[in-house]
Structures are given as C-alpha cells and as structure tokens.
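In: Any chance you can model this:
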Amino acid sequence: MNLSNTERVTKVVVNLISNPALVPSYVKHNILNHPLPIDLGLPWWSYKAIEYVNSIIEGKKIFEYGTGGSTILFSKKAKSIVAVEDDRKWMDKVQSRLGELNILNVEVILAEYDFKNPVDFEQSEYIRTVDKEDFDIIIIDGQDWSFQERVKCFKYVEPRMKAGQFIIVDDFWRYPQLREISRAKECKVFESVGPGRLGVTSTAIFSY
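Out: Below is the predicted model of the structure:
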C-alpha cells in the first residue's frame, strides 16, 4: 500500500491486535522463516481471504490469471484449475511443484507477454486464455506493472459471469474503482496480514 514505513508498521500492529488468531501464522510465515507462498502452498493473499475462498471452492472449476501458492492450495478442493502464466521460468517452477505433490487436476498454459511494455493487452493470448471454457471462479492475480492489466482482465471477464459465480482480485487496494464499475451482487473485501509479506494487504471477492 502507498504508506510510509511508520504507517505500514502501525497498520500491521493494529491488524494483529484486532485479529490475534493470525499472530502465530504471521510470525511463522514472515518472521521466523521467509518461504515463498508456493513452498507454503498458500496464496500471497490476506489470511482472511484465503480462509474465505477455501470455503467456497469445493467442486468448482477455477481459472487463474497467474499461478503460485493459490494453484497448490485450491487444487485440493477444486474440480479443476486452468491457469495462464506469462513467465516460462516461473511456470516451470509451478509445474515442478505440482508434479512433486502429484496434483493432476491443474492445467497451466504459457502465454508470454511483456507486462513492462503492455501493448494491445486486450488482444493478447494471455487475457483471452479464459475463453477456453466456462468457469465458476476467476482469480485475477497475475503480473501488473502498470496497475491497469488486472483492471482490464476484470472488464474482460465480468460480462460472462453468471449467478453463483465469483471473481477474486488480489491487491485490491490498487483497484478500488472496480467496486464502481462492477455489476456484482456483493463485493467482500478482506484486509489482513498474510503469508510471505510483512505488511497488510487486501483481497476482494465479487459474488454474482
């Protein structure tokens, strides 16, 4: 978040005081160790969002913009996951981890795209990979150097959402405008500390 270091520390302290149950996980995942979320098998999200999303994915077909710890965790309950990745080296790491864990219900698709020079993103293979089939849950959590590509992903996928489906947007503090343009019945925002990060973050779940 766009805060000073003092404000960040204060926000963490207040969040942990308000949510004492999160203290052990926060200390374990961020103070005593510094593992990547993929090694933990957890998304790089707020703990509260992880808990909520893990409660709604049973038997669902999931699409992910971006891959990582979320892919590992949600594969345990989801019917299937299709994920698009723009970075070949990271995709190889994710696929290696999926293989180590014998996870068979995940398909990772490589669609290379230069996010540092985002040209014609709406016409890219990356954003259009979601056209593969109909999904119950769409997770928007890929690279976004300009803070615009996740917004474009949201605008691209939202018209297809049906009753009972969800869009999840991580780092929601960057994209508050999505509340205003969304046609979702409800938008839940979960703000808390999370694994693999020292600060507080927020994740939004749009319900249709």
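In: Let me see the contact set for the residue positioned nearest the centre of the chain.
Out: Centroid check for the chain by C-alpha atoms, centre = their mean gives D141 as the closest residue, at 4.0 Å. Neighbour list for D141: 43-45, 64-66, 68, 70, 150, 168-171 [criterion: C-beta atoms under 8 Å, 6 or more residues apart in numbering]. C-beta: built from backbone N, CA, C; applies to glycine.
In: of those residues, the lowest pLDDT goes to which?
Out: Within those, the minimum per-residue pLDDT falls on W44 (87).
In: need the helix or strand of the chain with the lowest average pLDDT.
Out: When each helix and strand of the chain is scored by mean pLDDT, DSSP states H and E, helix 5-18 comes last, with a mean of 68.
In: For this structure, which segments count as strands?
Out: If DSSP state E is used as the criterion, the strands of the chain fall at 61-65, 80-85, 106-110, 137-140, 166-170, 186-193, 200-207.
In: one step back: which one among the contacts of D141 gets closest to K93?
Out: Closest approach between the contacts of D141 and K93, by C-beta to C-beta: G68, at 9.1 Å.
In: Give me the number of neighbouring residues for the residue lying closest to the closest one once chain neighbours are set aside.
Out: Spatial nearest neighbour of G68, excluding adjacent residues (C-beta to C-beta, 6 or more residues apart in numbering): I38 at 4.9 Å. Per other C-beta atoms under 10 Å, the neighbour tally for I38 reads 23.
In: same thing with P195?
Out: 24.
In: what about it, distance to I72?
Out: As defined by C-beta to C-beta, to the nearest Å, P195 lies at a distance of 12 Å from I72.
In: V157 too?
Out: For V157, the distance to I72 - C-beta to C-beta - is 23 Å.
In: May I see the PyMOL selection of the buried members of the contacts of D141?
Out: Only the buried entries of these go into this PyMOL selection, using 16 or more other C-beta atoms under 10 Å:
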select buried, resi 43+44+45+64+65+66+68+70+150+168+169+170+171
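In: Between the contacts of D141, which sits nearest E180?
Out: V169 (13.5 Å).
In: partner residues bridging the closest one?
Out: I140, A204 (DSSP bridges).
In: Distance check, it against P159.
Out: Distance from V169 to P159, by C-beta to C-beta: 16 Å.
In: close enough to count as contact, E186 and I167?
Out: No: in this structure E186 lies outside contact range of I167 using C-beta atoms under 8 Å: 11.5 Å.
In: which one of the two has more residues nearby?
Out: Of the pair E186 and I167, I167 is the one with more neighbours under other C-beta under 10 Å, namely 24 against 10.
In: can you give me the helices for the protein?
Out: 5-18, 23-26, 37-40, 47-54, 69-74, 88-100, 125-128, 149-157, 177-181 (DSSP state H).
In: F135: which of those helices is closest?
Out: helix 149-157 (8.6 Å).
In: Could I have the CA atoms of the closest one written out in CSV?
Out: C-alpha atoms of helix 149-157 as CSV (Å, rounded to 0.1, in the frame of the first residue of the first chain):
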residue,chain,number,x,y,z
GLU,A,149,-3.8,-5.0,-16.5
ARG,A,150,-5.8,-6.6,-13.7
VAL,A,151,-8.5,-3.9,-14.3
LYS,A,152,-8.5,-4.9,-18.0
CYS,A,153,-8.8,-8.6,-17.0
PHE,A,154,-11.7,-7.8,-14.8
LYS,A,155,-13.5,-5.8,-17.5
TYR,A,156,-12.9,-8.7,-20.0
VAL,A,157,-14.3,-11.5,-17.8
